[in-house]
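Trainee: Only the shape, not the letters, is given here:
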């Protein structure tokens with residue numbers, strides 16, 4: 001949504017910068033145009049490009065002088081997000097199977113993880129219009145949900161190539177992390 005629309009409190013996603021990566025800077029800048037609540041992990045405070053941004057909440061222990069932001073523990077993150085937002089965008093350096101650590105958030109609201117120009121969502125049903133030759137990736141897919149259309153590209157990562165412009169519908173027995181290029 002562009003910044004000229006009227007937005008109600010909590011309508012836009014919260015932004016949580018868990019791990020900064022230079023590749024994600026343009027995406028962070030776009031999200032900041034929405035004026036979201038910005039959470040930043042304490043370990044990321046010293047990163048030069050991030051020092052120019054306003055943070056609302058620092059997650060984790062901070063051993064620096066005065067900060068103009070609230071600090072909360074990682075354990076409190078879910079509670080704070082649940083009370084104030086319907087969805088969150090989390091920025092990480094590299095998406096991997098360890099991202100299942102974020103599943104605790106998917107029970108409460110929509111979570112999108114962004115890493116290296118790819119966005120990941122945790123879904124059981126994926127329905128979206130995509131152009132020809134787009135690829136989507138699926139993490140840790142169970143053998144019962146595989147078909148010949150999926151190509152293994154890593155030990156726990158499969159890729160699906162969109163053959164024609166149009167809607168794609170993938171229905172699985174359980175939810176998986178599904179990634180697409182941004």
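Mentor: Arrived safely, thanks for sending. Just so we're clear, the structure is a prediction, and the values are computed from it rather than from any experiment. Residues are numbered from 1 along each chain as shown.

Trainee: quick one, helices of this protein?
Mentor: In the chain, the helices defined using DSSP state H lie at 25-32, 74-84, 103-106.

Trainee: ok, residue 24 touching residue 118?
Mentor: No. If you go by C-beta atoms under 8 Å, residue 24 and residue 118 don't touch, sitting 10.1 Å apart. C-beta coordinates here come from the backbone N, C-alpha and C atoms, glycine included.

Trainee: So between the two, which is more surrounded?
Mentor: residue 24 (21 against 16; other C-beta atoms under 10 Å).

Trainee: Let me see the contact set for the more buried one.
Mentor: Contacts for residue 24 were tallied using C-beta atoms under 8 Å, 6 or more residues apart in numbering; they are 91, 114-117.

Trainee: Of the helices of the chain, which is nearest residue 141?
Mentor: helix 103-106 (15.4 Å; C-beta to C-beta).

Trainee: Show me what the closest one is packed up against.
Mentor: helix 74-84 (3 or more C-beta pairs under 8 Å, 6 or more residues apart in numbering; DSSP states H and E).

Trainee: which other helices and strands contact the helix it packs on?
Mentor: strand 14-17, strand 57-59, helix 103-106.

Trainee: Tell me which of those sits most buried.
Mentor: Highest mean neighbour count of those: strand 14-17, a mean of 24 (counted as mean count of other C-beta atoms under 10 Å).

Trainee: tell me what it is packed against?
Mentor: Against strand 14-17 (3+ C-beta pairs under 8 Å, 6+ apart) you get helix 25-32, strand 38-41, helix 74-84, strand 87-91.

Trainee: how about those in JSON lines, adding mean pLDDT?
Mentor: Listed next are the helices and strands packed on strand 14-17 as JSON lines, based on pLDDT from 0 to 100:
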{"stretch": "helix 25-32", "mean pLDDT": "90"}
{"stretch": "strand 38-41", "mean pLDDT": "89"}
{"stretch": "helix 74-84", "mean pLDDT": "75"}
{"stretch": "strand 87-91", "mean pLDDT": "87"}
